[in-house]
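Novice: One predicted model, sequence on top.
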Amino acid sequence: MNPIVAIVGRPNVGKSTLFNRIAGERIAIVEDTPGVTRDRIYAQAEWVSKHFTIIDTGGIEPDSEELIPKKMRQQAELAMDMAQVILFVVDGKAGLTPSDRDVALMLLKTKKPVLLVVNKVDNKNLPDDFYDFYELGFGEPIPVSSSIGLGTGDLLDEVVKNFPQDMDTELDEDVVKVAIVGKPNAGKSSILNRLIGEERVIVSPIAGTTRDAIDTYIEMDGKKYLFIDTAGIRRKSKVYENIEKYSVIRAYASVEKADVVLTVIDATEGISEQDSKIAGLAHDAGKASIVVVNKWDLIEKDNHSVKEYTKKIREELPFMQYCPILFVSALTSQRMGKIKETVDFIFDEASKRVATGVLNDVIGEAVMMNQPPSDKGKRLKIYYATQVGVRPPTFAIFVNEKELFHFSYQRYIENKLRENFGYEGTPLKIYVREKN
Ligand code: GDP
Ligand code: GDP
């Protein structure tokens, strides 16, 4: 995953103008009225070859009668949850205001890096009250002019300096990164070799920092794929692999880097606790997944085999009902083509964006069909939702009281989203926010 940079600040300081500047396109609609809904609130951006996602928290909610401090609190909380770097924007023309102090108080709670951006400094001369902003407690203020583009380069230098060391900043637009995980001997190497077997390996291996970190790039039918940690799969180091803990840790590292995870299970052994653990890693990391039941050639089959096997896996992985299950044989090549097809499909599903209007129609309908839960006379109200990210599809949902949004009702809403938008093979991530 690329780092997320969130823009926070009171209305009208120029958040959406800065967002446009950083995103490099005129995506958001800048209006003179504060609180106007933006079209796009997140975009892929790049600076010195480092790729990241930029989010304009000001665009998350539509125009509302919401008290401004409440609204800003929600935005700040969301930013502190999601982002790796927070841009706290203030208005250099207006000078320091009480609302800026309110935002600052919230942001001081986070351990994440917060850069204080003084916007609307349209020329080289700093305004007289520029240094007032020091007292907000975020160190040296960075002057920029988002509308002219002054100082934004220096700002972005600071931003990329603050990315966590271990985060991936490679462009992940058109390369699908695949991790193949599973127990030793499940057939991971055999599957990998089948998948890339007849294809031209573009660069292999690319040596990373250690011999362990070797990935394989290939192109199939004009699409690029990166198979992660292929040395760990191909080079047999059974001594280490057989230590259960080691292989789970290793799987974890690969899963973190992947877009799509293939969890390979040996059909003759069935799904084990370790398999669930590894599949669970992918789920928790928000990655699209396929369960691949390999060595299907060794199973004595009748008409019910697939159905029964599927049922068993669904029971073992109750949290991953969304995930396709494929029955394959790396030995005979049975259904190996289906793996590639499914990887492409669920990658697209996980990358899907749903427009805010349609999303709220679906949620509104879901709420009408099944009344939200209540507790002690108080009923859950869902005000508004918006998709704030992809891979995995990520939503912010605004409600009256978090505690009332029980797991079962969240699952109901999630199911409705899936019914309407698919999202096959990918987990969904939901941030619940209170506004009351
Ligand atoms: P937001 O509500 O924080 O997203 O603010 P907007 O991006 O919608 O900007 C609010 C107003 O400030 C608009 O009229 C912008 O044209 C103006 N603005 C934004 N950035 C700058 C800047 O760098 N210099 C000047 N002079 N005006 C700016
Ligand atoms: P890894 O440790 O997960 O990489 O597993 P390997 O790919 O090395 O496979 C382990 C063993 O299972 C090898 O002896 C393979 O030949 C065998 N194997 C792999 N896939 C299949 C399959 O689909 N059917 C059968 N019968 N054997 C397989």
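Specialist: That came through, no problem. Ligands and ions are numbered 1, 2, ... in the order given.

Novice: in the protein, which helix or strand is least confident?
Specialist: Between all helices and strands in the chain, the lowest mean by mean pLDDT, DSSP states H and E belongs to strand 201-207, at a mean of 40.

Novice: Show the subsequent helix or strand relative to it.
Specialist: Elements were assigned by DSSP states H and E; along the chain past strand 201-207, the next helix or strand is strand 214-220.

Novice: how about low-confidence regions in the stretch 51-200 of the chain?
Specialist: In the predicted model, the stretch 51-200 of the chain carries pLDDT under 70 at residues 60-68, 171-173, 198-200.

Novice: what residues does the protein put near ligand 1?
Specialist: If contact is defined as CB under 6 Å from any ligand atom, the residues of the chain in contact with ligand 1 are 9, 11-17, 30, 32, 34, 58, 119-120, 122, 145-147. Every residue, glycine included, has its C-beta placed from N, CA and C.

Novice: Among those, name the ones in strands.
Specialist: Residues from the residues of the chain next to ligand 1 lying in strands, with DSSP state E as the criterion: residue 119.

Novice: Which among the residues of the chain next to ligand 1 count as buried?
Specialist: Those of the residues of the chain next to ligand 1 that meet the buried threshold are 9, 13-17, 58, 119-120, 122, 145-146, by 16 or more other CB atoms under 10 Å.

Novice: Of those, which pair is most distant in space?
Specialist: 58 and 122 (20.5 Å; CB to CB).

Novice: Can you get me a residue count around residue 428?
Specialist: Each residue near residue 428 was counted by other CB atoms under 10 Å, and the total is 19.

Novice: no wait, residue 355
Specialist: Using other CB under 10 Å: residue 355 sits among 11 other residues.

Novice: next one: phi and psi at it?
Specialist: phi -70, psi 150 (degrees, to the nearest 10).

Novice: In terms of pLDDT, where does it sit?
Specialist: Predicted confidence (pLDDT) at residue 355: the value is 86.

Novice: Ok, residue 216 next?
Specialist: Per the predicted model, pLDDT is 78 at residue 216.

Novice: Ligand 1 versus that one, what's the distance?
Specialist: From residue 216 over to ligand 1 the distance is 44 Å, taken as CB to the nearest ligand atom, to the nearest Å.

Novice: so residue 343 sits right up against residue 177, yeah?
Specialist: No. Proximity of residue 343 to residue 177 does not meet the contact threshold set by CB atoms under 8 Å, at 10.2 Å.

Novice: residues shared between the contacts of these two?
Specialist: When contacts are counted by CB atoms under 8 Å, 6 or more residues apart in numbering, the set common to residue 343 and residue 177 consists of 225, 260.

Novice: what about the helices in the stretch 301-436 of the chain?
Specialist: Secondary structure of the stretch 301-436 of the chain by DSSP state H, counting those that start in this stretch: the helices cover 305-316, 336-350, 356-369, 407-421.

Novice: Please work out which of those helices is packed deepest.
Specialist: Scoring those by mean neighbour count under mean count of other CB atoms under 10 Å gives helix 336-350 as the most buried, with a mean of 18.

Novice: average model confidence for that helix?
Specialist: The average pLDDT for helix 336-350 rounds to 95.
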